[in-house]
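Engineer: Provided below are the primary sequence and the corresponding predicted coordinates.
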Amino acid sequence: MKILTYSVGVWQTNCYFIADDAGNAAAVDPGDDFEKLASKISERELNITAILLTHGHFDHIGALERLRSLTGAPVYIHRDDAELLADADKSYMKPFGGRDDICRPADKLICDGDVIN
């Protein structure tokens, strides 16, 4: 297993790719800089099979929709943060990110104790 870390956006939030030896990977917190992330996915020949969000703040979801469109991967978020994806104020996208972006709902809602393979 490989964990690749990239700082993204003006807040320099860490985005991770957790990859197995075959190149199947989960993307964690795609906060911004979609072009950078897409380039790294291509360079590393990664097959993104899941997008995991630690929470729904703007600096963790800024590139979410473009990455979801690129990869077709399902999005996972804790059920208590799910509503942030659809609200630019609650996610702080509008006040801190300066954008009105909202995201589609997550594909999978998770809670404490859930296991993701």
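Structural biologist: Okay, I see it.
Engineer: For this protein, give me the ranges with low pLDDT.
Structural biologist: Nowhere does the chain drop to pLDDT under 70.
Engineer: Let me see the ranges of the strands in the protein.
Structural biologist: Secondary structure of the chain by DSSP state E: the strands cover 2-8, 13-19, 24-28, 47-52, 75-78, 108-110.
Engineer: Next, format these as CSV and append mean neighbour count and distance to residue 86.
Structural biologist: C-beta here means a position set from N, CA and C on the backbone, and glycine is covered the same way. Shown next, in CSV, are the strands of the chain (neighbours: other C-beta atoms under 10 Å; distance: least, C-beta to C-beta, whole Å):
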stretch, mean neighbour count, distance to residue 86
strand 2-8, 14, 22
strand 13-19, 19, 20
strand 24-28, 21, 20
strand 47-52, 19, 16
strand 75-78, 21, 11
strand 108-110, 16, 13
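Engineer: quick one, what contacts the nearest residue to residue 2 once chain neighbours are set aside?
Structural biologist: Leaving aside its chain neighbours, residue 2 sits nearest to residue 19 (4.7 Å; criterion: C-beta to C-beta, 6 or more residues apart in numbering). Counting by C-beta atoms under 8 Å, 6 or more residues apart in numbering, residue 19 touches 1, 2, 3, 4, 25, 44, 46.
Engineer: so residue 19 bridges to which residues?
Structural biologist: For residue 19, the beta-bridge partners under DSSP bridges are residue 2, residue 25.
Engineer: Restricting to C-alpha, output the longest helix seen in the chain in PDB.
Structural biologist: If you go by DSSP state H, the chain has its longest helix at helix 34-43. Provided in PDB are the C-alpha atoms of helix 34-43 (Å, rounded to 0.1, in the frame of the first residue of the first chain):
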ATOM      1  CA  PHE A  34      -8.300  19.600  -9.600                       C
ATOM      2  CA  GLU A  35      -5.800  19.900 -12.500                       C
ATOM      3  CA  LYS A  36      -2.900  19.000 -10.200                       C
ATOM      4  CA  LEU A  37      -4.800  16.000  -8.800                       C
ATOM      5  CA  ALA A  38      -5.900  14.800 -12.200                       C
ATOM      6  CA  SER A  39      -2.300  15.000 -13.400                       C
ATOM      7  CA  LYS A  40      -1.000  12.900 -10.400                       C
ATOM      8  CA  ILE A  41      -3.700  10.300 -11.000                       C
ATOM      9  CA  SER A  42      -2.600  10.100 -14.700                       C
ATOM     10  CA  GLU A  43       1.100  10.000 -13.900                       C
END
